[in-house]
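Enquirer: output the structure for:
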Amino acid sequence: MKRMESYLQENFDVKSKNSSEDTLRKWRDAVGVVKNPKRRFRHTANIVKRNEAAAMKRTIKEKTKLRVAMLVSRAAVNFMLGVGKQDYAPPSEVVNAGFQICADELGSIVEAHDVKNLITHGGIDGIAKKLSTSITTGIINTQDDISQRQQVFGFNKFTETPSRSFWVFVWEALQDMTLMILGLCAFVSLVVGITTEGWPKGAHDGLGIVASILLVVFVTATSDYRQSLQFKDLDKEKKKISIQVTRNGLRQKISIYDIVAGDLVHLGIGDQVPADGLFISGFSLQINESSLTGEPEPVMVNSENRFLLSGTKVQDGSCKMMVTTVGMNTQWGKLMATLSEGGDDETPLQVKLNGVATIIGKIGLFFAIVTFAVLAQGLFSRKFQTSYLSWSMEDVLELLEYFAVAVTIVVVAVPEGLPLAVTLSLAFAMKKMMNDKALVRHLAACETMGSATNICSDKTGTLTTNHMSVVKTCIFGDIKEIKDPKDAIEICSKIPEFGVKLLMQSIFMNTGGDVVTNKDGKREILGTPTETAILELGLSLGQDFTAERDLIEIIKVEPFNSAKKRMGVVIKLTEGGTTRVHCKGASEIILAACDKYLDSNGNTIPLDESTNQFFTETINGFANEALRTLCLAYMEIDGNFPPNDNIPLTGFTCIGIVGIKDPVRPGVKESVAICRSAGITVRMVTGDNINTAKAIARECGILTDDGIAIEGPKFRELELKDMFEIIPKIQVIARSSPMDKHTMVKHLRTTFNEVVAVTGDGTNDAPALHEADIGLAMGIAGTEVAKESADVIILDDNFSTIVTVAKWGRSVYVNIQKFVQFQLTVNIVALIVNFSSACLTGSAPLTAVQLLWVNMIMDTLGALALATEPPNGELMKRMPVGRTGKFISNVMWRNIIGQSIYQFIVIWILQADGTRLFQLSGSDNADRILNTLIFNSFVFCQVFNEISSREMEKINVFEGILENYVFVAVISSTAIFQIIIVQFLGDFANTYPLSLLQWFVCVIIGFLSMPIAAVIKLFPVGSN
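Expert: Numbers count the residues shown, from 1 in each chain. Next comes the predicted model:
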């Protein structure tokens, strides 16, 4: 067993994600005995296609480097030759559709970053005019206009690999080498049988094998086809991305696939650029083009460099862009068409079970060769005793039967279904998890989550509801509780008019949100929940968002990000031309940047120690009530502010502090308790104030009396020795930066060997999501960058869903263990029975047709029954497997060996003494009846062993059995079909109809395997 584990570790060990190409190739090369490569390697990465995609990326990168040089050279040549830009003439079909520019011309402008050509077409306004759109109100949102644009400029979709039909899966199932050999045997058997015995008697054996092959092929193909449909549905869900656009002057959210040329798209931090386009307006826009070109350095996009490429990500800032080219007319579309053929990485369990299948396959091949040699030797010995040159057709048929038995032993011995059972179980789990609001992006995450020992969770939106509202304020030094809009209006009545204008500027100008009219004509607040809460406060004060912004010119915007924990805006007032900076963010950080404050009369007062203490106590008071606190501040600037300068970090005047309530989600405390009982440690990593974080963590049951809550700055300053000492006790990290989360995850994985799941929603969370064993992105609050880096998307942003994912992960792992235990038992017994019988009696009790039926019971049907068991509550009462747990555990070996010994003893007793026990001596069909009894008993042993395999350690295996309709259907259909084979298909399956007493004995023999299994489970073994 240890040698098997070490062999698997050495040759069949891959990471749950980001495995190198060498690692992926290594296990493929180690696979020896493969009956059907097309089926075995179907759900593995296509390394050739991945290399093609990598080559395409390199090509795009080189094109990017050459672009500038080409433009300069072309301009120089044109200048020397006196050649100007030739007039562009759009194709007639484009003009007839109402446009003045075609997709190819637009593509050449944006992809080549051709500024000169853009100017020739009239710049951004000229392109908008030629696309029949407006840079303020967007396209006319009618179905005819959208259809026309899609017809002329294409759809925003890339070419995908066409779905394979059911008959393709049938054809692939027929590629099984052993089935081909058996098919050839069947053909020879038909020819020889019909020649010697005539039709139809001589065709029975051959037709029996053919029918068995067809049954195996169609059942296998049906199972595989259903899996492919499940994966296709999940792929559709993975690609659902929504984007904000303006059409007819109204903001609305649409699918990325519905975007057309001429659309106005609004982008923010973490968004994916949905199509090629041109920058219209925006602030501090940085684009990461690494997904397209491989270049990690962000590109600044502004009025001087307007070009935006599809598939790139917004790293910082925000903008409004006009779509020019879509779908397969973009470089991203062509790249994605190639990438989609690359496939997902194979999962660690798939690879490990490929290794198990390889080991058993080699053993099975050896036994098959020896079995054939022993059987053939008996035939040759008899021939040499008589006349070895005289061979009859019966002798040929006998030798052919021996060869068919040997080949069928390989069919049964090579557990081709092991790695495919993983895929079946994962497909089933992923479909069910989708219903439970969890979208699995990478197959491996499903099984890895079952081994998770740590969950590092965000607070906002995951542990809390993400429905925020301002419930307390301290404006101009006056603390006020806000229970309804009337309380908010009172704030304005207590401060001077100048103070009201200043507060409105701070709320409406310094925001990443927006107040728009949606397509239904209703007012809608867009933005993060925090921004929405503050904008709602501003609107409840009776102020007008649009009117306020129309009075002011924005000079510079520094968007909020989790590293700075602040955001700022520089504005120029139209009245008086005053330049003012507004800043807001983490309360203690902004307060530290202030040296003045506004009192209740609106006077600017130096911030002394006592006032600073008052504000600090206010912040802590709000935080202790589990409120998120933000500080608002401003400063006046003399003269103009250069847009390229950074907003100052000090010298601000404090306007006030707001306390935002974000209630804990219902059920979170119970979910954390479930995790604790399951041996999973939950840690909170948040950017909030330490007191807010501790209050929420206690409410959720995360922070215990012996746990540590620490602030990010203190955590990152620790020496490694001190850090390693406290990491196991850390339950809360507050005011954390993305790198704090990354550091925590890295050390938990490497130093402490934990299996870590981590949640994230922002762009800066991508490194931690990538580093973790399982990255969990938020479906509602998460950015596209976070989702792309994640393995699972939590669609409802709920911590309880993460616990559900863990439960399903454990279910997948345990289900595969159950199936492996069941299949290895059948493998071992079938091998030993046929081999020992051939060696000792010179004949095999199980024929080729019978073995094919047994193979289907243990392979496709067994996988369907055991690999699709839904999770139960007991799963979350066990300790996690972790990183070092053995897949084939001591418990499994105990059950396999115990059950195999019982089955072998029973079959051997039947074979050695069955004729006497069943009083068959004297019967013309004694041998055939005995072999039928052996076959029938063997099958019912597998049926009842399948039921016993539902639980590897518990005695009660019937709990919840009727809730699993698939399991009941498989067991029932197996029993019914066994009756048909024995009673009615004797000529084809080489069986003989049995009496009621004989049937009763066979069923009792099978049933006895269950109490035997229960007794075996009482023997204690180590958990590993």
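
Enquirer: contacts and neighbour counts: CA atoms only from here.
Expert: Fine.

Enquirer: what's near enough to touch the closest residue to D638 other than its chain neighbours?
Expert: In this structure, D638 finds its nearest non-sequential neighbour in T579, 6.9 Å apart by C-alpha to C-alpha, 6 or more residues apart in numbering. The neighbourhood of T579, defined by C-alpha atoms under 8 Å, 6 or more residues apart in numbering, consists of 570-573, 636-641.

Enquirer: cutoff 6 Å now
Expert: 571-572, 637 (C-alpha atoms under 6 Å, 6 or more residues apart in numbering).

Enquirer: contacts for stretch 795-813, please.
Expert: By C-alpha under 6 Å, 6+ apart, the surrounding residues in contact with stretch 795-813 are 437-438, 446-447, 449-450, 462-463, 671, 778-779, 871.

Enquirer: now do 7 Å
Expert: Under the criterion C-alpha atoms under 7 Å, 6 or more residues apart in numbering, residues 425-426, 429, 433, 437-439, 446-451, 461-463, 667-668, 671, 778-780, 794, 870-871, 875-876 lie in contact with stretch 795-813.

Enquirer: among the residues you listed, which are in helices?
Expert: Residues of these located in helices (DSSP state H): 425-426, 429, 433, 446-449, 668, 671.

Enquirer: W908: which of those residues is nearest?
Expert: Taking C-alpha to C-alpha as the measure, W908 lies nearest S425 of the ones in helices among the contacts of stretch 795-813, at 34.9 Å.

Enquirer: local confidence estimate at that closest one?
Expert: Listed pLDDT for S425 reads 82.

Enquirer: and the furthest pair within the ones in helices among the contacts of stretch 795-813?
Expert: Largest pairwise distance in those, by C-alpha to C-alpha, is 28.0 Å, between S425 and V668.

Enquirer: between those two, who's got more neighbours?
Expert: When S425 and V668 are compared for neighbours, S425 comes out ahead with 26 against 22, by other C-alpha atoms under 10 Å.

Enquirer: the closest residue to the more buried one other than its chain neighbours: how many residues sit nearby?
Expert: Leaving aside its sequence neighbours, S425 sits nearest to A867 (C-alpha to C-alpha, 6+ apart; 4.9 Å). By other C-alpha under 10 Å, the residues close to A867 number 29.

Enquirer: just D608 next, same as before
Expert: For D608, using other C-alpha under 10 Å, the count is 12.

Enquirer: now it. Its backbone dihedrals?
Expert: Main-chain dihedrals, D608, degrees, to the nearest 10: phi -90, psi 180.

Enquirer: list the contacts of it.
Expert: With C-alpha under 7 Å, 6+ apart, D608 has no contacts at all.

Enquirer: switch the cut-off to 10 Å
Expert: D608 makes contacts with 595-597, 614, as judged by C-alpha atoms under 10 Å, 6 or more residues apart in numbering.

Enquirer: for R883, see how far away the nearest residue to P880 once chain neighbours are set aside is.
Expert: In this structure, P880 finds its nearest non-sequential neighbour in S451, 5.3 Å apart by C-alpha to C-alpha, 6+ apart. Counting by C-alpha to C-alpha, to the nearest Å, the gap between S451 and R883 amounts to 7 Å.

Enquirer: more neighbours: which of these two?
Expert: S451 (26 against 15).

Enquirer: now do the helices in the stretch 801-950 of the chain.
Expert: Taking DSSP state H, counting those that start in this stretch, the helices of the stretch 801-950 of the chain run over residues 848-856, 862-866, 890-917, 926-948.

Enquirer: would you convert the contacts of T579 into TSV that also reports neighbour count, distance to N798 and pLDDT?
Expert: As requested, those are arranged in TSV below (neighbours: other C-alpha atoms under 10 Å; distance: C-alpha to C-alpha, whole Å; pLDDT from 0 to 100):
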residue	neighbour count	distance to N798	pLDDT
I571	24	38	90
K572	20	42	88
I637	14	44	87
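
Enquirer: show me where pLDDT drops low in the stretch 801-950 of the chain?
Expert: Along the stretch 801-950 of the chain, segments meeting pLDDT under 70 span 842-844.

Enquirer: equivalent analysis for the stretch 1-150 of the chain, please.
Expert: Along the stretch 1-150 of the chain, the model assigns pLDDT under 70 to residues 1-21, 24, 27-30, 32-54, 56-86.

Enquirer: what about I479, helix or strand, and which?
Expert: Using DSSP states H and E, I479 maps to strand 478-481.

Enquirer: wait, a strand at V471?
Expert: Yes. Judged by DSSP: H, G, I helix; E, B strand; the rest coil, V471 forms part of a strand.

Enquirer: next up, the contacts around it.
Expert: V471 is in contact with 480-484, 487-488, 533, 537, 622, 627, 658-662, counting by C-alpha under 10 Å, 6+ apart.

Enquirer: check the residues you listed for burial and list the buried ones.
Expert: 480, 482, 488, 533, 537, 622, 627, 658-662 (16 or more other C-alpha atoms under 10 Å).

Enquirer: might you specify the subset of the residues you listed located within strands?
Expert: If you go by DSSP state E, those have 480, 627, 658-661 in strands.

Enquirer: and this protein, what are its domains?
Expert: Using the TED database, the domain parsing of the chain gives 20-84, 88-156+259-340, 350-427+813-1018, 438-464+665-797, 469-661.

Enquirer: so which of the ones you listed is nearest W171?
Expert: Comparison of those against W171 by C-alpha to C-alpha identifies domain 20-84 as nearest, at 10.0 Å.

Enquirer: one step back: now the residue nearest to P880: phi and psi?
Expert: Note on S451: backbone dihedrals following degrees, to the nearest 10 are phi -100, psi 0.

Enquirer: thought it was touching L875?
Expert: No. S451 is not in contact with L875 according to C-alpha atoms under 10 Å; the separation is 11.6 Å.

Enquirer: distance between the ends of stretch 912-931?
Expert: Taking C-alpha to C-alpha, the first and last residues of stretch 912-931 lie 11 Å apart.

Enquirer: buried set for it?
Expert: Under 16+ other C-alpha under 10 Å, the buried positions of stretch 912-931 are 914-915, 918, 926-931.

Enquirer: thanks a lot, see you next time.
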